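K.L.:
coords please:
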Amino acid sequence: MATITTLSEAVAAVVRDGDTVALEGFTHLIPVAAGQEIIRQRRRDLTLVRMTPDIVYDQMIGAGCARKLIFSWAGNPGVGSLHRFRDAVQHGWPVPLEIEEHSHAGMANRYVAGASGLPFAVLRGYAGTDLPEHTDTVKPITCPFTGEVLTAVPALNPDVGIVHAQQADRNGNVQFWGITGVHKEVVLASRRSLVTVEEVVDTLSVRPGATVLPGWTIDHVAEVPGGAHPSYAMGYSDRDNAYYRAWDGISRDRASFGEWLAGVR
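P.N.:
Presented below is the predicted three-dimensional model:
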């Protein structure tokens, strides 16, 4: 059964140096506050996993939390590049960053395999791309029934899966609605999990299909109003487009980023 606790206590309990950590959310319900708490707790040597790393991973990489990134797309959505990510890859600042690149379909299928207790996933993707030449975790596999050559990718089972949602009740049952991406899959695939929520309520409203993470699937729940900012939480907050635009300037320069980082810590 999920333990309801504070964000700082939850991060201290589930995230350890050297862990593989996935913070998932697609345009919506991105667990930014949890990522910034990982920065404050000065976690190091993390392998960060996410289908679409955006500014929260740029912040964590710039803070020196990461040694590797497993992903399928990276950028400041609607604005441009992730400058701290680029600096780490191109110049090793603040520490060198190893990258492992996949397609969206490959990453999603890896989470599904992990959540299903399977060793790998099979898909038709990657054909015609050069990713198999650069990514060791993309391999051809022959169908034993048809002889068709397909692609296999290993399951993803992060040490820690972190997502944001709208509500949880006091038993740790979590509801989320709107664009939910791979929220369910990353929590079920991970060894330890944390769900930050906008609100803990006594009784969840009846929303068909919304309660897909019962309390027994989650380790920790933390009430963090605004925990997705600057992304949005449907029914609670809007996307802060100005923040994304401002991040481009803050992150371009190591000195300006250092000023921002001092404020977070």
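K.L.:
C-alpha only now, for contacts and for neighbours.
P.N.:
Fine.
K.L.:
domains in this protein, as residue ranges please.
P.N.:
The chain breaks down into these domains under automatic domain parsing: 3-102+157-254, 104-154.
K.L.:
can I get these in CSV with mean neighbour count and distance to G263?
P.N.:
Compiled in CSV, these are given as follows (neighbours: other C-alpha atoms under 10 Å; distance: least, C-alpha to C-alpha, whole Å):
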stretch, mean neighbour count, distance to G263
domain 3-102+157-254, 20, 10
domain 104-154, 16, 33
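K.L.:
would CSV of these with mean pLDDT be doable?
P.N.:
CSV is the format used below for the domains of the chain (pLDDT from 0 to 100):
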stretch, mean pLDDT
domain 3-102+157-254, 97
domain 104-154, 95
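K.L.:
Can you lay out these as CSV showing distance to L261?
P.N.:
Putting the domains of the chain into CSV (distance: least, C-alpha to C-alpha, whole Å) gives the following:
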stretch, distance to L261
domain 3-102+157-254, 7
domain 104-154, 30
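K.L.:
Please give me every residue in contact with P230.
P.N.:
Applying C-alpha atoms under 8 Å, 6 or more residues apart in numbering, we find P230 in contact with 32, 239-241, 243-244.
K.L.:
In helices, which of these appear?
P.N.:
By the criterion of DSSP state H, membership of these in helices covers 32, 241, 243-244.
K.L.:
And for F257, the neighbour number?
P.N.:
Using other C-alpha atoms under 10 Å, F257 has 20 other residues around it.
K.L.:
from here on, count from 678
P.N.:
With 678 as the first residue, the last one maps to F934.
K.L.:
sec struct for it, please.
P.N.:
Per DSSP: H, G, I helix; E, B strand; the rest coil, the secondary structure class of F934 is helix.
K.L.:
re the thing from before, which one of the contacts of P907 sits closest to L684?
P.N.:
V709 (11.7 Å; C-alpha to C-alpha).
K.L.:
H906 is in contact with the closest one, correct?
P.N.:
Yes. Using C-alpha atoms under 8 Å, V709 is in contact with H906, at 6.4 Å.
K.L.:
Select, out of the domains of the chain, the one closest to V941.
P.N.:
Minimum separation from V941 across those (C-alpha to C-alpha) falls at domain 680-779+834-931, 7.0 Å.
K.L.:
which residues in the stretch 728-877 of the chain form strands?
P.N.:
Per DSSP state E, counting those that start in this stretch, the stretch 728-877 of the chain carries strands over the ranges 743-748, 775-778, 797-800, 816-819, 826-831, 837-846, 851-852, 869-878.
K.L.:
I'd like to know which elements the fifth one is packed against.
P.N.:
In this case it means strand 826-831. Strand 826-831 is packed against helix 781-793, strand 797-800, strand 816-819, with contacts defined by 3 or more C-alpha pairs under 8 Å, 6 or more residues apart in numbering; DSSP states H and E.
K.L.:
Of all the ones you listed, which one comes closest to W937?
P.N.:
That would be helix 781-793 among those, by C-alpha to C-alpha, at 30.8 Å.
K.L.:
Having no further points to raise, I will conclude here.
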